[in-house]
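>>> when you get a sec, could you give me coordinates for this:
(2 chains)
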Amino acid sequence: MKNFPILARFKNPSTAAALALTAAIMLVPANLLPVLSTETSGHNRSDTIFSGTVELWRQGLWVLAIIVFTASIIIPVLKLVGLGWLLLNARRGAAVDSRRLTRIYAVLDFIGRWSMLDVFLAAFLTGLVQFGEFSTVVARGGIVAFAAAVVLTVLATRAFDPRILWRTASPS
Amino acid sequence: MDSQARLACHLCGQEHRPIHLEPGEKAVCVRCEAVLAQGTRLGPDTALVFSITGLIFSLPAALLPFISAGKLGDERISFLFTGVWSLWDGGMGPLAFLVFLCGGLLPFALLATLAVLHASSRLGWQNDDLRFLFRVARVLQHWAIPEVQVLAILVALMKLGSLVEVTIGPGFWCYCAMALSLLIAQHSFDFDSANQVPSTNGSDAAASH
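Reported below is the predicted structural model:
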């Protein structure tokens, strides 16, 4: 990290833990506040992430419900839990299963991006569904909190340096 | 001994001596077994070709109609950045900016970076600026996520399909082509361009099919 001294300082377990904790806190308003408001012919409804998924399921769009549920609820939670577990292991300095932990990190790193799905979805729907009084979609505060949580989770994953899992292992 | 010439595993930091990969071969880190690089089946210039293809597709993707939706005779055409504008107008500036970055600007920037990197290695240039660009590409790849936007739009289309009449415009196909080109360009990164100086030190990366 010779070219990016700031990045080198950014990559440490305390930064990762702080970012992950902030992300976890942000997930609370993200899940409690409405993310989208839909108005169709005078009928108004606001959806949270969860109620939006339930609505998809109720409409019989099971595949979509599963995709959105996985991207918006399972992945953020799994990522934070996984990161917390890696941080605990790194702290303990136990390098017995470094290989497995590194693989878990790689998986967490890969799946993280898919939780941006709901943010893109909200942006796309607000852009497209603007039919005056017949039908409009408006993004609400919850999606901002959700986007913040996702960005913080990605930053937390970046701040975690998997090399610390190998620190006690003998350098070959 | 030039320590810069070794390829460090992006996960565990283990250093390797770059080796030549046959098509379809994977180089695996000797310590953590992460895939370091994969020999492309499509020829040595795959990454260069696909990053340029992606750059070419990104222009019509940004300018041509994406999706049009009709309801009760009212038709609305959306473009790549229509959602960004709507969010911006709705007072959600930071969110609009995030969507603009992850779905528009950064994929373009990553394609441009990859194109420059591979073109330079093709021409045999090597200097510190290229190493810097290589790191830029490593950072960008976490934030350039057009494939996620493609999935989001497909989900939205299936959701809207029952309520309004939706038509997919050429802009969306170009965007899909751009996203696919970026994925191929990213995954055809080989040792020769990742690390341009052959080294004499460090352990060999294990190669397997």
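>>> the residue nearest the centre of chain B: what secondary structure?
Centroid-nearest residue in chain B, with Cα atoms, centre = their mean: residue B:182, separated by 3.6 Å. On the three-state scheme (DSSP: H, G, I helix; E, B strand; the rest coil), residue B:182 is labelled helix.
>>> residue B:37 too?
strand.
>>> quick check: closest non-adjacent residue to it.
Take residue B:37 and drop its neighbours on the chain: the residue closest to it by Cβ to Cβ, 6 or more residues apart in numbering or on different chains is residue B:27, 4.6 Å away. Glycine gets a C-beta too; all of them are placed from N, C-alpha and C.
>>> can you give me the strands in the chain?
The chain I'm using is chain A. A:36-40, A:43-47, A:130-131, A:135-139 (DSSP state E).
>>> think we crossed wires, I meant chain B
Using DSSP E, strands in chain B cover B:7-8, B:15-17, B:26-28, B:35-38, B:67-71, B:74-78, B:165-168, B:203-204, B:206-208.
>>> of all these, which one is nearest residue A:33?
strand B:74-78 (25.4 Å; Cβ to Cβ).
>>> does chain A sit close to the closest one?
Yes: using Cβ under 8 Å from any Cβ of the partner chain, we find that strand B:74-78 touches chain A at B:74, B:76, B:78.
>>> contacts only, for residue A:15.
A:156, A:159 (Cβ atoms under 8 Å, 6 or more residues apart in numbering or on different chains).
>>> pLDDT score for it?
On the pLDDT scale, residue A:15 is placed at 90.
>>> measure it to residue A:112 for me?
16 Å (Cβ to Cβ, to the nearest Å).
>>> same check on residue A:76?
Taken as Cβ to Cβ, the span from residue A:76 to residue A:112 is 8 Å.
>>> looking at the two, which one has more neighbours?
residue A:76 (27 against 22; other Cβ atoms under 10 Å in any protein chain shown).
>>> the more buried one and residue A:113 touch, don't they?
No: in this structure residue A:76 lies outside contact range of residue A:113 using Cβ atoms under 8 Å: 11.6 Å.
>>> where does pLDDT dip in chain A?
A:1-8, A:93-96, A:133-134, A:168-172 (pLDDT under 70).
>>> 80 instead, please
Scanning chain A for pLDDT under 80 picks out A:1-10, A:40-42, A:91-96, A:131-135, A:166-172.
>>> please identify the deepest-packed of the strands of chain A.
Mean neighbours per residue, mean count of other Cβ atoms under 10 Å in any protein chain shown, is largest over the strands of chain A for strand A:135-139, with a mean of 21.
>>> could you list every helix and strand in contact with that one?
strand A:36-40, helix A:117-128 (3 or more Cβ pairs under 8 Å, 6 or more residues apart in numbering or on different chains; DSSP states H and E).
>>> of the ones you listed, which approaches residue A:54 most closely?
Taking the helices and strands packed on strand A:135-139 one by one with Cβ to Cβ, strand A:36-40 is closest: 13.4 Å.
>>> tell me the strands beside the closest one, with direction?
strand A:43-47 (antiparallel), strand A:135-139 (antiparallel) (DSSP bridges).
>>> so how far is the last one from its chain's centroid?
Put plainly, it is strand A:135-139. On the basis of Cα atoms, centre = their mean, to the nearest Å, strand A:135-139 sits 24 Å off its chain's mean C-alpha point.
>>> show residues contacting that strand.
So strand A:135-139 is contacted by A:35-41, A:122-123, A:125-126, A:128-130, B:71, B:86-87, B:90, B:92, B:95, B:163-164 (Cβ under 8 Å, 6+ apart).
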